[in-house]
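A.B. asks: Predicted model and sequence below, questions to follow.
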Amino acid sequence: MRLLCLFLVLAVCLLQVLAAEDYYKILGLDKSASERDIKRAYRTLSKKYHPDKNPGDETAREKFVEIADAYDVLSTATTRKIYDQYGHEGIEQHRSGGTAGRQTHDPFDLFSRFFGGGGHFGHAPGHRRGPDMEFRVGLPLRDFYNGREVEIVLEKQQICDACEGTGSADKEVITCDKCSGRGAFIQKHMLAPGMFQQVQMQCDKCGGQGKMVKKPCGVCGGHRVVRRDVETAFTVEPGMDKGQKIVFENEADESPDWIAGDLVLVLEEREPELGKSEEQRTDGTFFRRKGRDLFWKEALSLREAWMGDWSRNITHLDGHVVHLSRPRGQVVQPLSVETVVGQGMPPYSEGHLHDQSDEDDDVPGNLYIEYTVILPDQMESGMEKEFFALWQKWRKKIGVDLAADGNRPAHAHAHAEKDEL
Ligand SMILES: [Zn+2]
Ligand SMILES: [Zn+2]
């Protein structure tokens, strides 16, 4: 019976070993991964699967623990070597091997060494929160129209990878012996015989930290944090407006002393510049945006405005063509505005929440064309004569008196002649 039990226990252990997923696979890496790759993978994945971000999700929780476990083994040269040679079984043996085995890490403890704040996100009570960071990102209008994946590089304060935020080269932190870890001590001053004044002094040995390191970390010089360029990728959704905020939770400056605040990117519309490459050479440079609508100025010659019979092709922000035209005989008044329905910005609503009150949330904006009429500066003299004669002939027949028409007082030298066509 006892033997059977032992056998069962062994079988279960073996099964667990067999079932455990490859540590490299858990971190999305292969065996050639560098120390840096492993750290980077842990940073990204542990945040993604943190239970605080996935409340009630057991799978995420398990994954979070797995990720911590994988990192724990692969981030140390000794255990990584054992794992590479003997796999999970080797690690199990190593761990149960007494003195050599490291105590199993609390996954939250590991997380807090990377991100600070006691291993938790958000506003956990008792944890200080670092400041939010705001950056402005300028983008051309065509990116707001088409949407775009953007990558930017920001300089951020990060918890030092090398010492995992301890500031110590050997990751050992000792309690200050002068203040016994309190960071301060009480000094008594004798004011008079038998009369003492107690003054609290900050400990000068540990700078009030209560903790010290023997060998400061070579990378951060014992500061526990480093400033580093960090790549940040985000998506501009089609139709987003300027002023749109993109929030990265807990991704502002990091410190072991606080929970990182939020990194906030504010989108701005950059001054348009002429597209340099062929595909960028759309008329997009000349669109102006107001909310969901776009505005465009189109110039017509006198003949076109008055006689009609013209057409224009406007290349829109994504390269499609908007066709404008008038048949012969159709007049366009200067400064008149034509509405091209649905050719404005695409609809965008934050979170894509739809309630019945915002029915027109799905509708794109309009494109408004304002017409300017350009009169010729000069005419050839022959042409000028012909036109003049033509005007004279027709203004006598159908012209109007603009002064009378405008209800202005009659001129002293009022003449019967009609004024204009
Ligand atoms: Zn001290
Ligand atoms: Zn360091």
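C.D. replies: Done, it's in. Ligands and ions are numbered 1, 2, ... in the order given.
A.B. asks: now Gln378: how far from Pro334?
C.D. replies: Separation of Gln378 from Pro334 (Cβ to Cβ, to the nearest Å): 20 Å. (Glycine included, C-beta is placed from N, CA and C.)
A.B. asks: Check which strands are paired with the one helix or strand Glu155 maps to and give the direction for each one.
C.D. replies: With elements taken from DSSP states H and E, the one containing Glu155 is strand 148-159. Sheet partners assigned to strand 148-159 using DSSP bridges are listed as strand 225-236 (antiparallel).
A.B. asks: residues from the stretch 151-300 of the chain in reach of ligand 1?
C.D. replies: Cys176, Lys178, Cys179, Cys203, Lys205, Cys206 (Cβ under 5 Å from the ion).
A.B. asks: picking that back up, the more surrounded of Gln378 and Pro334?
C.D. replies: Pro334 (13 against 7; other Cβ atoms under 10 Å).
A.B. asks: Please determine how far that one is located from Glu304.
C.D. replies: 12 Å.
A.B. asks: Next secondary structure after the helix or strand Phe295 falls within?
C.D. replies: Phe295 belongs to strand 293-301 when assigned by DSSP H and E. Sequence order places helix 302-307 as the next helix or strand after strand 293-301, per DSSP H and E.
A.B. asks: ok, now how distant is the residue of the stretch 1-150 of the chain found nearest ligand 1 from ligand 2?
C.D. replies: Per Cβ to the ion, Arg128 is where the stretch 1-150 of the chain lies closest to ligand 1, at 20.7 Å. Distance of Arg128 to ligand 2, given as Cβ to the ion, to the nearest Å: 21 Å.
A.B. asks: Find the residue closest to that residue in space, skipping its chain neighbours.
C.D. replies: Trp258 (4.3 Å; Cβ to Cβ, 6 or more residues apart in numbering).
A.B. asks: which stretches of the stretch 251-400 of the chain aren't confidently modelled?
C.D. replies: 272-285, 351-360 (pLDDT under 70).
A.B. asks: Go again with 80.
C.D. replies: 271-285, 349-361, 399-400 (pLDDT under 80).
A.B. asks: Helices along that one, start to end?
C.D. replies: Remark: helices assigned in the stretch 251-400 of the chain by DSSP state H, counting those that start in this stretch are 302-307, 381-398.
A.B. asks: got the CA positions of the strand holding Glu155 in CSV?
C.D. replies: Coordinates of each C-alpha in strand 148-159 appear next as CSV, following Å, rounded to 0.1, in the frame of the first residue of the first chain:
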residue,chain,number,x,y,z
ARG,A,148,-1.7,54.6,-38.5
GLU,A,149,0.5,52.5,-36.3
VAL,A,150,3.0,54.9,-34.8
GLU,A,151,6.3,54.2,-33.0
ILE,A,152,8.0,56.8,-31.0
VAL,A,153,11.0,56.8,-28.7
LEU,A,154,10.6,58.4,-25.3
GLU,A,155,13.2,58.8,-22.6
LYS,A,156,11.9,57.3,-19.4
GLN,A,157,13.1,56.5,-15.9
GLN,A,158,13.2,52.7,-15.5
ILE,A,159,14.0,50.4,-12.6
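A.B. asks: contact partners of it?
C.D. replies: 113-116, 133, 135, 137, 139, 143, 165, 224-236, 251-256, 263, 265 (Cβ atoms under 8 Å, 6 or more residues apart in numbering).
A.B. asks: pLDDT averaged over it, what's the number?
C.D. replies: What strand 148-159 shows for mean pLDDT is 92.
A.B. asks: in it, what's buried?
C.D. replies: Across strand 148-159, burial judged by 16 or more other Cβ atoms under 10 Å covers Arg148, Leu154, Lys156, Gln157, Gln158, Ile159.
A.B. asks: Look up which residues are beta-bridged to the fourth one.
C.D. replies: So that's Gln157. Arg227.
A.B. asks: how close does it get to ligand 1?
C.D. replies: The spacing between Gln157 and ligand 1, counted by Cβ to the ion, is 25 Å.
A.B. asks: What separation do you get for Tyr42 and Val266?
C.D. replies: According to Cβ to Cβ, Tyr42 stands 30 Å off from Val266.
A.B. asks: Which residues are in contact with Val363?
C.D. replies: Gly342, Pro347.
A.B. asks: Can you report phi and psi for it?
C.D. replies: Dihedral pair for Val363: phi -90, psi 130, per degrees, to the nearest 10.
A.B. asks: ok, it to ligand 1 distance?
C.D. replies: 66 Å.
A.B. asks: can you check Glu271 too?
C.D. replies: Distance of Glu271 to ligand 1, computed by Cβ to the ion: 55 Å.
A.B. asks: neighbours around that residue, how many?
C.D. replies: Around Glu271 there are 9 residues (other Cβ under 10 Å).
A.B. asks: again, but for Tyr145
C.D. replies: When neighbours are counted by other Cβ under 10 Å, Tyr145 registers 23.
A.B. asks: Check the secondary structure at it for me.
C.D. replies: Recorded secondary structure, Tyr145: helix (DSSP: H, G, I helix; E, B strand; the rest coil).
A.B. asks: Next up, the contacts around it.
C.D. replies: Taking Cβ under 8 Å, 6+ apart, one finds Pro238, Gly239, Gly284, His316, Leu317, Asp318, Met345, Pro346 in contact with Tyr145.
A.B. asks: Dump these to JSON lines, plus distance to ligand 2 and neighbour count.
C.D. replies: Shown next, in JSON lines, are those (distance: Cβ to the ion, whole Å; neighbours: other Cβ atoms under 10 Å):
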{"residue": "Pro238", "distance to ligand 2": "43", "neighbour count": "17"}
{"residue": "Gly239", "distance to ligand 2": "44", "neighbour count": "19"}
{"residue": "Gly284", "distance to ligand 2": "47", "neighbour count": "23"}
{"residue": "His316", "distance to ligand 2": "52", "neighbour count": "18"}
{"residue": "Leu317", "distance to ligand 2": "47", "neighbour count": "23"}
{"residue": "Asp318", "distance to ligand 2": "48", "neighbour count": "13"}
{"residue": "Met345", "distance to ligand 2": "47", "neighbour count": "24"}
{"residue": "Pro346", "distance to ligand 2": "47", "neighbour count": "20"}
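A.B. asks: Quick check: the farthest pair among those residues?
C.D. replies: Gly239 and Gly284 (15.0 Å; Cβ to Cβ).
A.B. asks: ok so, going back, what pairs with the strand holding Phe295, and is each one parallel or antiparallel?
C.D. replies: strand 288-290 (antiparallel), strand 367-374 (parallel).
A.B. asks: buried set for the longest one?
C.D. replies: The neighbour-count check on strand 367-374 (16+ other Cβ under 10 Å) flags Leu367, Tyr368, Ile369, Tyr371, Val373 as buried.
A.B. asks: That concludes my questions; thank you for your assistance.
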